[in-house]
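Show me the folded form of this:
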Amino acid sequence: MSDSDRSEKVSEQPDRTGMERAESTDADTEVDVAREPDRKPESERENITTDEEKDDARKIVTGAARYTADYRDRFPDLAHGAVVRSDIAHGYVESVDTSAAEAMAGVDAVITPFDDVVPDKLYSSSGQSYPEPSPWDLTVLREHVRFVGDPVAAVAADDPETADRAARKIEIEYRELDAVFDPEEAFDEDAPQLFEAGDVENKQSGADYSRNLESHFEGELGDVDAAFERAESEADRYVIETEWETPYQSHCVPEPHTTIAYTDEDDRHVFITATQVPFHTRRQIAHLFDVPIRDVRVKKPRIGAGFGSKQEMAIEPITFALHLAADRPVKLEMSRQEEFTALRFRHPMQMRMRTAVTDDGDIEAMDLYTLSNSGAYGTHGMTVANNVGTKPLPLYPRVSNVRFSGDVVHTNLPMGAAMRGYGAPQGHFAVEAHMDEVARQLDFDPIEFRLQNAVREGDLDRSVAILKDGDRFTRRIRSCGIRECVQRGTDAMGYDDLDQPDEDHLHRGIGMALLAQGSGVAGKELGAAQVQLNEDGSFHLQVGGVDTGTGADTMFAQIAAEVLGCTPEDVVVIAADTDLTPFDYGAYASSTTYISGRAVKNAAEEAKARLLDWGSKLLDEPPAVLDTGDGGVYSKRTGNRVSLAEIGYEATYGDDEREHILGDGTHSTDESPPPYGAQFVDVTVDTETGEYELNKLAFVADCGVAINPALVEGQIEGGEHMSLEYATSGGLTFDDDGNPDVLGFRQYGMPRTTDHPEMETILVETHEPTGPFGAKSIAELPTNGVPPALSNAIRDAVGIRLTDLPFTAEDVKAALDEQSGGER
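Down below sits the predicted model:
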């Protein structure tokens, strides 16, 4: 049967999944209780796997929640900042005339790259571990501008309107240079060069700035070339190659980047700022402005989402320099136009995937290459590109021969940076749409083909560490529900009984993509927490982990309450203030539940040990027969109990001995267990117009044990929305001079609520022995699925393959016309 015939007769296939074949080869996994001390039967769970209301939900919907900008009323002498940005793509600032701005009433300070208050040392704005695995190529304000939107000067004034008018009065003269906007052209020897010798410190592997190359990397398992040579020479093997391209994507954060900087009565520098990484920001500010870390305090208030954009120290240095120049507190808040033109974005990429496969459907070799456009600066450039391969390739860990390589280049366009998924959405698009295409060219069912080769519990995953030296980060897969995810998804979509529309020009198809992510950065994470008992049996939990709107504070309270035997309402969470809370790397890389949550559990376990000791004294029973629960300590032997309040008062005010019951916990690990998922898309394509309608999205996730299922479902549906945008409507474009075409939501085209199809979310529970109560991550996983699944669904419906995001009706119609020779 031809491939086009298959796409029209999908409803006739009796079993599209091959699930019986896949499941029959799965060995039953025995539970090793000694290895899994966190495993807790559902009947014994009091506070986890329950839909606890998000602790700030009512404050958010009533307007009572306070974000960074809402703290302005605490500073009667607050000045407001504005940034002057380059209007050319490449060149040098020759002069800056600030006289007109400085003469304006109400203007407190004007700063330029040439002022002493503005550091000229190089740094990276990426909020990563130290030393940052990103080049130091930024200065606070730029004399050498490299894209339209580079910050050149800034103003502080009595009110935002005065600051904006003053900024417009600053006159800048440039010596303009040629620019390059195409990443392939940036390689050319005669291309304009963005960085000279000495412009970059902490250079990355493979860097060659004479060719605008920020980084080159490659890694290999087995002998890939030999595997492809064998496949090309033998009749029962095939080599299939595809190419893929993804655009810029905006984070579209509801709350723009905002920072307030001031110096307190103790001459310590304080930042109230919308950040995902308070402790990294503290360290970077101290480095950049030559002040001791002890004299910097970073306070994270409520955050209106970050999605990776606030893993950047994007505006804090400018705010602080304005504060020092104005000698008064300063608030700097980005406009929506600045968010869309001058801040941070998902990296555009071009990818090439090649596979050697037998006619039985066994994959013998995979070769993935990516060319990443890092834009004008290198923040997160190499590390994001690394994830293009190291996230999706581990879906197939038993392939013996694997190569992954890439180049990260600079252009005179805005900088790519961390964004939810962090390279994995680009990589999954290439890998999972490629796997679908391979299956169809071999006349295999795409799902059966994947499951034949996909990861299983117990597999040794070496491809996750393909770019590392040694085996330190090779991982054993201890939890994997991917086959149940597929089965539950096919059932939910009616995959084996697909009805076609009656109209001849309408064709319906279903596409699926397997997904994987990680739980933190293996070997590069640290979380810490402290629990303290109050006299009345309530607790204060101090944790460095950052809630970016995800409900992390609620999750922390649930984990602590499950250990301590109280309710989440009895746990007051104090989070993410570098003066008050223990250290934490911050909210990124899907680390909060797995890393910070484990630190909370460790702290609660230590406090629990002290509760049991005091309970033993009061009950006159050994600690070994005691446990916490229902607001107290009870005996499993006699049933006797004492309340947490009784313990609190006795420990604090007792006659014979006294103790403030505390628990400290930290967590760092080389582990990063992958959550798994299956994204399904049901689409109907109109072959007359190229328009397509999304009938339904279904996402099935294995995130281990879901601490709060309702919050997990919210994360999934939000991630799917971002993924849908990436596939169908998002993207930033620029004119021939590098000027941005998209200045706001109106031009950007984010899907609205009315654009959404039906969404079904299904959770599959597994148990990850290294996670708190068996939990893995979830936040980034759902951003990976819609582009490949939609490409696969359109292929299933009408036999064409779309390879460049986003997919438009014009793209579909052009591919259909090409398929039919222009005679449709």
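
any idea which element the closest residue to Lys169 other than its chain neighbours lies in?
Spatial nearest neighbour of Lys169, chain neighbours left out: Ala100 (4.1 Å); criterion: Cβ to Cβ, 6 or more residues apart in numbering. All C-beta spots, glycine's among them, are computed from the backbone N, C-alpha and C. For Ala100, the host element (DSSP states H and E) is helix 99-102.

just checking, what packs against that helix?
The contact analysis (3 or more Cβ pairs under 8 Å, 6 or more residues apart in numbering; DSSP states H and E) places helix 99-102 against strand 107-111, helix 160-169.

Thought Ala167 was touching the residue nearest to Lys169, still the case?
No. Assessed by Cβ atoms under 8 Å, Ala100 is found out of contact with Ala167, at 10.9 Å.

And these two? Which one has more around it.
Shown here are Ala100 and Ala167; by other Cβ atoms under 10 Å, Ala167 has more neighbours (20 against 14).

Pull up the gap between the more buried one and Tyr67, please.
Applying Cβ to Cβ, to the nearest Å, the value for Ala167 to Tyr67 is 24 Å.

same question, Ala561
From Ala561 to Tyr67 the distance is 27 Å (Cβ to Cβ).

Show me what counts as buried in the helix or strand Pro788 falls within.
Applying DSSP H and E as the criterion places Pro788 in helix 786-798. For helix 786-798, the buried set under the neighbour-count rule, 16 or more other Cβ atoms under 10 Å, comprises 786-798.

between these, which is closest to Ala645?
Closest approach between these and Ala645, by Cβ to Cβ: Val786, at 50.2 Å.

Look up how far Gln487 lies from the closest one.
With Cβ to Cβ as the criterion, Val786 and Gln487 are 21 Å apart.

quick one: low-confidence parts of this protein?
1-37, 822-824 (pLDDT under 70).

if we go to 90?
1-38, 189, 197, 469-471, 656, 730-731, 749, 752-756, 820-824 (pLDDT under 90).

Show me what the lengthiest strand in it is packed against.
Ordering each strand of the chain by length in residues (DSSP state E) puts strand 363-375 first. In this structure, strand 363-375 makes packing contacts with helix 183-186, helix 224-233, strand 349-358, helix 381-390, strand 401-410, helix 424-441, judged by 3+ Cβ pairs under 8 Å, 6+ apart.

Dump those to JSON lines, plus mean neighbour count.
Output for the helices and strands packed on strand 363-375, formatted as JSON lines (neighbours: other Cβ atoms under 10 Å):
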{"stretch": "helix 183-186", "mean neighbour count": "18"}
{"stretch": "helix 224-233", "mean neighbour count": "16"}
{"stretch": "strand 349-358", "mean neighbour count": "22"}
{"stretch": "helix 381-390", "mean neighbour count": "27"}
{"stretch": "strand 401-410", "mean neighbour count": "24"}
{"stretch": "helix 424-441", "mean neighbour count": "27"}
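
Would you map out the domains in the protein?
For the chain, whose domains are defined here by automatic domain parsing, the residue ranges read 1-30+478-521+670-824, 57-61+526-667, 68-179+255-341.

now for these, which one comes closest to Ser210?
Closest among the domains of the chain, using Cβ to Cβ: domain 68-179+255-341, at 14.9 Å.

Only C-alpha atoms, please: export the helix holding Pro788 in CSV.
Provided in CSV are the C-alpha atoms of helix 786-798 (Å, rounded to 0.1, in the frame of the first residue of the first chain):
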residue,chain,number,x,y,z
VAL,A,786,2.6,19.8,19.7
PRO,A,787,4.9,20.7,16.8
PRO,A,788,6.0,17.1,16.0
ALA,A,789,2.6,15.6,16.8
LEU,A,790,0.9,18.1,14.6
SER,A,791,3.4,17.6,11.7
ASN,A,792,2.7,13.9,12.2
ALA,A,793,-1.1,14.4,12.2
ILE,A,794,-1.1,16.4,9.0
ARG,A,795,1.1,13.7,7.4
ASP,A,796,-1.4,11.1,8.6
ALA,A,797,-4.3,13.0,7.2
VAL,A,798,-3.1,14.1,3.8
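
Okay, buried residues for the helix or strand following that helix please.
Helices and strands here follow DSSP H and E; after helix 786-798, the next one along the chain is helix 809-819. Of the residues in helix 809-819, Asp811, Val812, Lys813, Ala815, Leu816 count as buried by neighbour count, 16+ other Cβ under 10 Å.

and helix 809-819, what other elements does it pack with?
Counting by 3+ Cβ pairs under 8 Å, 6+ apart, helix 809-819 packs on helix 786-798.
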